[in-house]
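*Asks:* next one to model:
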Amino acid sequence: MATIYDVAALAGVSPATVSRVFNGAGVSPEKATAVRQAAAQLAFTPNRTARSLRRQSSEVIGLIIPDIENPYFTEMARGVEDVASEAGYSVVLCNSDAQVEKEATYLRIAVAEHMSGVILAAASDKTQLDDILATGRPVVAVDRTTGYDIDGVVMANRDAGRMATAHLLKNYQRVAYIGGPEHIETSTDRAEGWRLAHRQAGIAEPDDLLRFSSFRVDGGRAVMEDLLALAEPPDAVVAGNNLIGVGAIQVLTEHDLTPPKIGVSVVGGLPFTTLSPSAVTVVRLPARHMGVTAARMLLERIRGDDQPARTVVLRNEVQAASPVVG
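*Replies:* Here you go, the predicted model:
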């Protein structure tokens with residue numbers, strides 16, 4: 001028996017597009033014709049009971065993020081909620097704890113509860129969206145891509161890492177990078193920016209100072225301690241996100257090495273620190289704008305927009321630390 005995936009492959013479209021055709025959602029005439037011809041050729045008959053259930057969408061949007069305690073994601077959630085509320089939609093906030101299994105549970109709930117769509121900051125590169133996309137529900141990726149042909153809103157992560165590093169290389173020689181998990185593209189892209197800044201400055205990349213951990217405070221603390229224990233420790237460090245920055249600064253403070261003794265750049269605004277804001281270079285990420293943009297894109301899809309998937313890349317802004325004196 002032919003499946004929705006067989007029809008999609010033959011028609012040259014996504015399973016979500018096939019679902020939209022049989023659900024009566026907005027699809028271009030060309031794609032609708034291709035889908036119906038493929039279905040006829042394969043003798044595909046949609047499950048009418050399932051189709052009836054899928055039509056019962058509630059005016060609810062699911063927002064799945066990996067760390068509800070991170071102010072970066074709560075700021076993004078505020079942007080999503082502002083747009084959704086104005087359009088008459090409610091937002092259900094789900095915390096995956098960066099666990100694929102927990103994320104999969106929330107995606108199943110989104111389908112079972114007939115949510116209109118989902119905005120997702122993927123837990124991992126192993127995130128699976130086949131089932132929810134097969135229902136025709138739109139999904140918009142935020143902060144990181146998923147490998148699926150869906151809309152996305154991301155930061156200019158490589159450039160953020162480059163800018164954070166370049167500012168330190170003006171005054172320091174051995175600049176370390178502490179990133180989150182190596183399988184998360186935001187972490188590796190910012191690390192590539194760290195590499196690029198060294199190449200542009202004509203400085204050999206100190207690979208012993210490139211480290212990956214978690215995107216949490218304890219991750220920043222653990223790696224900063226390891227870096228300080230090196231025979232030749234760094235004289236500056238780039239924190240791959242805000243919470244890593246907090247952890248790194250905590251350790252530096254405990255060792256009486258606060259900036260500018262050791263330079264610090266942070267990708268993302270510091271949520272809390274006892275340091276003067278002028279002591280640290282910050283690459284500000286427009287998290288709320290990311291949420292606003294993602295929510296608008298999702299609502300367009302819910303209303304039937306069938307244009308090709310697109311990815312919006314948001315620019316960053318640097319707030320440089322005060323120049324080193326002496």
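*Asks:* any idea which helix or strand in this structure has the lowest mean pLDDT?
*Replies:* helix 48-55 (a mean of 43; mean pLDDT, DSSP states H and E).
*Asks:* residues contacting D67?
*Replies:* Counting by Cβ atoms under 8 Å, 6 or more residues apart in numbering, D67 makes contact with F73, N95, D97, A98, F215, R216. Where C-beta positions appear, they are placed from N, C-alpha and C, glycine not excepted.
*Asks:* the same query, at a cut-off of 6 Å, please.
*Replies:* Listed by Cβ atoms under 6 Å, 6 or more residues apart in numbering, the contact set of D67 reads F73.
*Asks:* cool, and the one 5 residues further on?
*Replies:* Applying Cβ under 6 Å, 6+ apart, one finds that Y72 lies in contact with N242, G268, A287.
*Asks:* from D131, how far out is the closest residue to it other than its chain neighbours?
*Replies:* Nearest non-adjacent residue to Y72, counting by Cβ to Cβ, 6 or more residues apart in numbering: A287, 5.0 Å away. According to Cβ to Cβ, to the nearest Å, A287 and D131 sit 29 Å apart.
*Asks:* likewise T33?
*Replies:* 26 Å.
*Asks:* same check on A231?
*Replies:* Distance from A231 to D131, by Cβ to Cβ: 51 Å.
*Asks:* and if you look at V318?
*Replies:* Counting by Cβ to Cβ, the gap from V318 to D131 is 41 Å.
*Asks:* quick one: buried residues of stretch 289-299?
*Replies:* Applying a neighbour-count criterion of 16 or more other Cβ atoms under 10 Å, the buried positions in stretch 289-299 are H289, M290, G291, V292, T293, A294, A295, R296, M297, L298, L299.
*Asks:* the residue nearest to Y72: what's it in contact with?
*Replies:* The contact partners of A287, by Cβ under 6 Å, 6+ apart, come to Y72, E75, M76.
*Asks:* show me which of these is closest to H198.
*Replies:* Y72 (25.9 Å; Cβ to Cβ).
*Asks:* pLDDT weak spots in this protein?
*Replies:* 1, 23-26, 45-57, 272-277, 321-326 (pLDDT under 70).
*Asks:* could you pull out the helices for it?
*Replies:* For the chain, helices defined by DSSP state H occupy the ranges 4-11, 15-23, 29-42, 48-55, 71-86, 100-112, 130-134, 157-169, 185-200, 217-228, 242-254, 287-302.
*Asks:* V313: which of these is closest?
*Replies:* It's helix 157-169; of the helices of the chain, that one is closest to V313 (Cβ to Cβ) at 9.0 Å.
*Asks:* hmm, who's touching the closest one?
*Replies:* Contacts of helix 157-169 (Cβ under 6 Å, 6+ apart): 175, 186, 189-190, 192-194, 196-197, 201, 236, 238, 263, 265, 267, 281, 283, 316, 318, 320.
*Asks:* buried members of those residues into ChimeraX, please.
*Replies:* Selection of buried members from the contacts of helix 157-169 for ChimeraX, criterion 16+ other Cβ under 10 Å:
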select :175,186,189,190,192,193,194,196,197,236,238,263,265,267,281,283,316
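*Asks:* next, count neighbours for G240.
*Replies:* 36 (other Cβ atoms under 10 Å).
*Asks:* and if you look at A279?
*Replies:* By other Cβ under 10 Å, the residues close to A279 number 15.
*Asks:* so how far is E182 from it?
*Replies:* Distance from A279 to E182, by Cβ to Cβ: 29 Å.
*Asks:* ok, the residue nearest to the spatial centre of the chain - contacts?
*Replies:* Centroid-nearest residue in the chain: D143, 1.9 Å away (criterion: Cα atoms, centre = their mean). Residues in contact with D143, defined by Cβ under 6 Å, 6+ apart, are A121.
*Asks:* ok now stretch 174-193, how far from the chain's centre?
*Replies:* Counting by Cα atoms, centre = their mean, to the nearest Å, stretch 174-193 is centred 14 Å from the centre of its parent chain.
*Asks:* skipping adjacent residues, who's closest to D235 in space?
*Replies:* Y172 (4.7 Å).
*Asks:* and the chain, what are its domains?
*Replies:* Structural domains assigned to the chain are 4-51, 57-155+287-315, 157-285, following automatic domain parsing.
*Asks:* which one of A231 and D131 is surrounded by more residues?
*Replies:* D131 (13 against 5).
*Asks:* quick check: that one vs P15, distance?
*Replies:* 10 Å.
*Asks:* do the same with P138
*Replies:* Applying Cβ to Cβ to P138 and P15 gives a distance of 13 Å.
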